[in-house]
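have a look at this prediction, sequence included:
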Amino acid sequence: MGEKVQRREDPRLLTGNGRYLDDLGRGALQAAFVRSPHAHARIVDIDIADAWELDGVEAIYTWEDLPGRVAEPLPVLIPHPAMTHARTGYCLARDEVNHVGEAVVMVVARDRYVAEDACARITVQYDTLPAVVGVARARDGDRLVHDDVPGNVAANLRQEVGDVDTAMAAAPHTLTLELAIERSACMPMEGKGVFARWDADDGSLRLYSSTQTSTGVRAAVAAKLELPLAKVEVVTPDVGGGFGVKIVHPWPEEVLVPWAARNLGRDVKWTEDRREHFVSSAHERGQLQEVTVGFDDDGRLLALDVHFWHDNGAYTPYGIIVPIITATQLLGPYKPGAYRVEFWSLYTNTVLVTPYRGAGRPQGCYAMERTMDAIAEHRGLDRAEVRSRNFIQPDEMPWDHGLMFQDGRPLKYDSGDFPASLAKLKALVGWDDFAAYREQAAREGRRVGLGIGCYVEGTGVGPYEGGHVQVETSGRVNVATGLTTQGQGHQTILAQIVADELGVPFDDVHVTTGDTRRMAYAVGTFASRGAVMSGNAVALAARVVRAKALRIAAEALEVSPDDLDIADGVVSVKGAPGTSIALKTVAVMSNPLRYAFDASAAAATQFAGTFDPDTPPVGDDDEPGLEGQDFYSPTQATFANGMHAAVVETDPVTAEIRILRYCVVHDCGVMVNPMIVEGQVHGGVAQGVGGALYERMVYDEGGQLLNASFMDFLMPYASEVPHIETDHLETPSPLNPLGIKGAGEAGTIPVSAVIASAIEDAEGFPIRSMPISPAELWELRRRHAASDPHPVPVQEDPR
Amino acid sequence: MKPAPFVHHAPRTVEEAVAVLAQVGPDGKVLAGGQSLVPVLNMRLASPGHLVDVNGVAGLDTVEVTAEHVRVGALVRHAGLERHDGAAAALPLLRQAVRHVAHPAIRTRGTTVGSLAHADPAGEMPAVAVLTGAVLEVTGPRGTREVAADGFFLGPLETVLEADELVVAVRFGRLPAGTRTGFAESARRSGDYALAGVALAVSTDGNTVTGARASFVSVTPVPDVLVLTPVLAGARVGALPLDAVTEAVRAHVDPESDIHAGADYRRMLAAELTVRSLVSTTTGVREGAA
Ligand SMILES: Cc1cc2nc3c(=O)[nH]c(=O)nc-3n(C[C@H](O)[C@H](O)[C@H](O)COP(=O)(O)OP(=O)(O)OC[C@H]3O[C@@H](n4cnc5c(N)ncnc54)[C@H](O)[C@@H]3O)c2cc1C
């Protein structure tokens, strides 16, 4: 623990030896889909006759062909009382399509080429309906996505702490900001994918899915296909990124592919291509926000009143997690005074919206941090100083905001030292020296700005995660946890934890994730919960094994377990290292069925005690084998935090935007592997930079996604991602045995807020809409130059 | 994203390639590096029945430098041209520009001739071709002809090439001694198609400009040459009439708006890039002399 151990998964993955979904199932039949070209339409007729003519076509399915529960709407995974109008689609569209890309017909063929040829020969007749595109249009409510959902409102939720109206009325100063933030998407390099093998003789299904939750997929597919859970196993192969989109389940293809495999008695595979990923998986981020804030002369918050309108796309299978997180995590490290937040989650005829790394926090952080900058500007105060005056102090922890968090539990911060983090950040970026740098740059005809953003992130939400640890007689330690891995380094950090807890060499520990054959109870990888949940679970499981090993060794060595220690795979008496027994020998002794296969078995015979004919070989409270399992289930999330600062330069003529420096101070409690934490932060910042300066989903009025390719959806290359300077503060979480807080999403959260802050600082006019491109910044300059030579930086329209 | 079925032809000689092209007619397409054509096929934006893959054709992969020109064969990859020291010495603009074509991986496959045949107004090499007075060597069933770059491009993705014709090589014209060249562009991300770009050739006599010409990337429907000599001739290096250059460029270009930038922005950008490139080219900050 705490060491910068090299990631053990890298050699395999970097030399092309990963095994991803599409690497499986050679010879399997392949599926392709006819997807809706319209954002909103009624299906009038489907003609598949021509497609059947093609050699190699094995099956063509429309909704009419689907039986039983496969034909029913997809489940609402996370219901919420405020979500009065949850709507989900069907595996194949029934009689209406609600976004471009919705699956209408499934073709199964010899290979993907033939399957796509067949798709091209299928004609679907549609009656097009007016499309609802964009939050503003959805909010107008004059056009409806779903006829039976008035105002397009899926959910309306309001929370209030304190008396906002009174506090606002009494506040010496108030400001209102209108803000906008656009859609982006997870965009894992590997899209989704499903491969199913149906064993007809056994009546069982083996399903491989590129998912963030194999247990979730298993339960969902068993239910949909009406199979006993015992007859379904789900395995995740290597997964080339998830970032949230693969936690949603079941995707239509996860139901249809195994169903087709069972129907046809053949292996069937579907690998999502990039275009499909753009139009038929999920997006996130899009919101319009209105913040009214009341504050005193010193910039201290007295009342905060937030309304926002969240674009949830065409359906709500994943509920309203994203806007709930925005509503709660918006508060960041601050005490808001009285706080009221109300949101409307709105349907649009676009791809559905589900969590993407950060999951609603980037939007919340953006709203809060734009507000902080506006207050500082209004009062003529230093922006860092305004933030620091509003911080929750370390001695005020735990801090209960009085709100309900995403897991239905109180929003209660467990730890953090915000003043210390800010001090580190200011030192790292050279906050107090920036004015001089700016003047110097100005003398050279350059325009630079400094931006800042702070956030708090609830991580490691429950309900539980499990760990299983087993010591083989060879000394090999097998660790299993049910959550899945997408490249984060779980194989490394979980092995580090178990090696430390158990006292065995790191190289002896082997970790399996996301395989329901090895761990049937698990939740999944999301909400920065991997290290917190499975880290603690495998630690607890290792402690179970350790206790058992000590008990067995103590009997054999005739000492008390308290006198024993385990190091380097050997149990020995403290202070008498000569008196010892190898852990692998203990593993042999733990099992009375002791075939003398190997040297450790032979070695164990010397410890064989006297044989008592009156006790059974396995005691009443005992089990054979040196293994153990435990679950970690927290009462609430643990709250990580961080603060970022950036220096940007904007070209005075072309408005090109360059990030000159990017600084991160990060607190995720105890770091299991600081190198991996930094890697997570770097990856997060890279995605954040994408969201701030490059990425957007450009829909036209008719609901066509105009940039559904990597040519026009601009993910930053390495060349666009700045060098990232990091510093860490470790305030351990008091909530879990290892003191860990999550780190996975952190880097992404404040980036749009920070870049907006920096550009605003460089330009001298407010930035109220993100992302921003050079062309847009140039337009903003023109507008400000035309309307007012000294633009007022607040109460601006978002655009 | 799988292409519709096609027949793959792998001729070994130019004659064979032309024979196949003649035989399959408008249902055939030349496949060179595939960096533009293959995405088009995969997205089924085009479904030719025959691909005439020229990658195995002998003798098309050489760069030749003569006193008058740099001749680039149809199978010379962007990367090969970029690395060719003789070509860079004879016509520095080639290396200055080709570095901006996509990323190394794509330059390793994509051909310079393919770029011209593809005729994307956002391509760098078409702009270089017109500025250097390039000539394309075209072979077809009706024989061989030479086409000046100036008349080769008809519109976006449209040229005078017939379906059964193959471009065998392009000859970029070398510029008179004393000509300095420059290339500048701005793209959303490094290696992307540019929002705007400019190729420049400036001749000077001592400290006085005697002639200047420019061609553009992404801001004109077909690459053409803006002669800046009337604006710049006689001007002294270090005191160029940059406002007049800006005006001339703004009047010349005709950009379209797209999701990455509006026409006004691109017009401004083309002018600003020209001005900056002109200054650095004439003061020799980072550009070579022909
Ligand atoms: C991600 C990406 C980024 C890119 N960025 C840029 C960029 O910034 N700037 C830029 O200029 N280009 C860019 N390109 C395009 C690339 O440069 C071109 O694909 C390439 O130069 C075209 O050559 P090719 O050999 O790949 O042609 P192909 O793709 O094989 O063919 C393109 C077209 O030209 C025809 N053709 C090719 N050779 C001949 C010939 N000898 N005779 C007759 N017809 C022929 C083909 O029939 C086809 O119609 C990019 C491509 C990608 C994939």
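Yes, it's here.

the domain parsing of the chain - what is it?
Going with chain A. A:10-129+A:186-280, A:358-461+A:635-796, A:465-632 (automatic domain parsing).

not what I meant, chain B
Per automatic domain parsing, the structural domains of chain B span B:7-51, B:63-173, B:180-285.

would you turn these into a markdown table with mean pLDDT and distance to A:Gly68?
Using the backbone N, CA and C atoms, a C-beta is placed for each residue, glycine as well. Putting those into a markdown table (pLDDT from 0 to 100; distance: least, CB to CB, whole Å) gives the following:
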| stretch | mean pLDDT | distance to A:Gly68 |
| --- | --- | --- |
| domain B:7-51 | 97 | 35 |
| domain B:63-173 | 97 | 48 |
| domain B:180-285 | 95 | 44 |
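
any chance of these in JSON lines, plus mean neighbour count?
Converted to JSON lines, the domains of chain B look like this (neighbours: other CB atoms under 10 Å in any protein chain shown):
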{"stretch": "domain B:7-51", "mean neighbour count": "17"}
{"stretch": "domain B:63-173", "mean neighbour count": "20"}
{"stretch": "domain B:180-285", "mean neighbour count": "20"}
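
ok, which of these comes nearest A:Ala282?
domain B:180-285 (21.0 Å; CB to CB).

distance from that closest one to the middle of the chain?
Centroid separation for domain B:180-285 versus its chain: 16 Å, with CA atoms, centre = their mean, to the nearest Å.

pLDDT score for the closest residue to chain B within the stretch 401-550 of chain A?
With CB to the nearest CB as the measure, A:Gly445 is the residue of the stretch 401-550 of chain A nearest to chain B, at 12.5 Å. Predicted confidence (pLDDT) at A:Gly445: the value is 96.

count the neighbours of it for me.
Neighbours of A:Gly445 under the rule other CB atoms under 10 Å in any protein chain shown: 7.

any idea how far it lies from B:Ala271?
From A:Gly445 across to B:Ala271, the span is 18 Å (CB to CB, to the nearest Å).

B:Val138 now?
Distance from B:Val138 to B:Ala271, by CB to CB: 35 Å.

dump the residue contacts of the residue nearest to A:Ser560 when sequence neighbours are not counted.
Leaving aside its sequence neighbours, A:Ser560 sits nearest to A:Ala554 (CB to CB, 6 or more residues apart in numbering or on different chains; 6.1 Å). Residues near A:Ala554 by CB atoms under 8 Å, 6 or more residues apart in numbering or on different chains: A:560-561, A:563-564.

I'd say A:Val164 and A:Ala338 touch.
Yes - using CB atoms under 8 Å, A:Val164 is in contact with A:Ala338, at 4.4 Å.

show me what the helix or strand bottoming out on mean pLDDT in chain A is packed up against.
Using mean pLDDT, DSSP states H and E, helix A:599-605 stands out as the lowest-scoring helix or strand of chain A, at a mean of 72. Other elements packing on helix A:599-605 under the criterion 3 or more CB pairs under 8 Å, 6 or more residues apart in numbering or on different chains; DSSP states H and E are helix A:583-589.

average pLDDT across the helix it packs on?
pLDDT averaged over helix A:583-589 gives 94.

surely B:Gly178 touches B:Val202?
No - the criterion here is CB under 8 Å, and B:Gly178 misses it with B:Val202 at 9.5 Å.

tell me who's in contact with the residue nearest in space to the middle of chain B.
By CA atoms, centre = their mean, the mean C-alpha position of chain B lies nearest to B:Met125, the distance being 1.4 Å. By CB under 8 Å, 6+ apart, the contact set of B:Met125 is B:78, B:97-98, B:101, B:112, B:115-116.

now residue 82, nearest residue through space, not along the chain?
In the absence of a named chain, chain A is used. A:Leu157 (4.0 Å).

that answer is for a different chain, and I need it for chain B
Using CB to CB, 6+ apart, the closest residue to B:Glu82 is B:Val98 (4.7 Å).

quick check: the one you found touching B:Gly110?
No - in terms of CB under 8 Å, B:Val98 does not count as a neighbour of B:Gly110; the distance is 10.0 Å.

what residues are shared contacts of the two?
Jointly contacting B:Val98 and B:Gly110 under the rule CB under 8 Å, 6+ apart are B:His78.

where exactly do the helices run in chain B?
Ranges of helices in chain B, per DSSP state H, are B:14-24, B:37-42, B:78-83, B:85-90, B:92-98, B:104-109, B:112-118, B:124-131, B:149-152, B:229-232, B:242-252, B:263-282.

closest to A:Gly739 out of these?
Nearest of the helices of chain B to A:Gly739, taken as CB to CB: helix B:104-109 at 44.1 Å.

quickly check: that closest one near the ligand or not.
Yes - shown here: helix B:104-109 in contact with the ligand (CB under 6 Å from any ligand atom) through B:Ile106.

hmm, who's touching that helix?
Helix B:104-109 is contacted from outside by B:33-35, B:77-79, B:82, B:98, B:101, B:191, using CB under 8 Å, 6+ apart.

hmm, try it at 7 Å
By CB atoms under 7 Å, 6 or more residues apart in numbering or on different chains, the surrounding residues in contact with helix B:104-109 are B:33-35, B:77-79, B:82, B:101.

do the same with stretch A:259-277
A:21-22, A:25, A:28-31, A:58-59, A:70, A:108, A:191-198, A:200, A:205, A:225, A:253, A:257, A:708-710, B:1.

buried subset of these, written for PyMOL?
Selection of the buried residues among those in PyMOL, burial being defined by 16 or more other CB atoms under 10 Å in any protein chain shown:
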select buried, chain A and resi 21+22+25+28+29+30+31+58+59+70+108+191+192+193+194+195+196+197+198+205+225+253+257+708
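
picking that back up, look at the residue nearest to A:Ala82 and report its pLDDT.
97.

what do you get for A:Asp788?
pLDDT, A:Asp788: 59.

ok, now A:Leu660?
pLDDT, A:Leu660: 98.

for it, give me its contacts.
Residues counted as contacts of A:Leu660 (CB under 7 Å, 6+ apart) are A:448, A:647-649.

in a helix, it, correct?
No - using DSSP: H, G, I helix; E, B strand; the rest coil, the secondary structure at A:Leu660 is strand, not a helix.

check the gap between it and chain B for me.
Separation of A:Leu660 from chain B (CB to the nearest CB, to the nearest Å): 16 Å.

distance check, that residue against A:Glu649.
A:Leu660 sits 5 Å away from A:Glu649, going by CB to CB.

the helix or strand harbouring the residue nearest to A:Ala82 pairs with which strands, and in what direction?
Applying DSSP states H and E as the criterion places A:Leu157 in strand A:153-161. The strands that strand A:153-161 pairs with in its sheet are strand A:338-346 (antiparallel) (by DSSP bridges).
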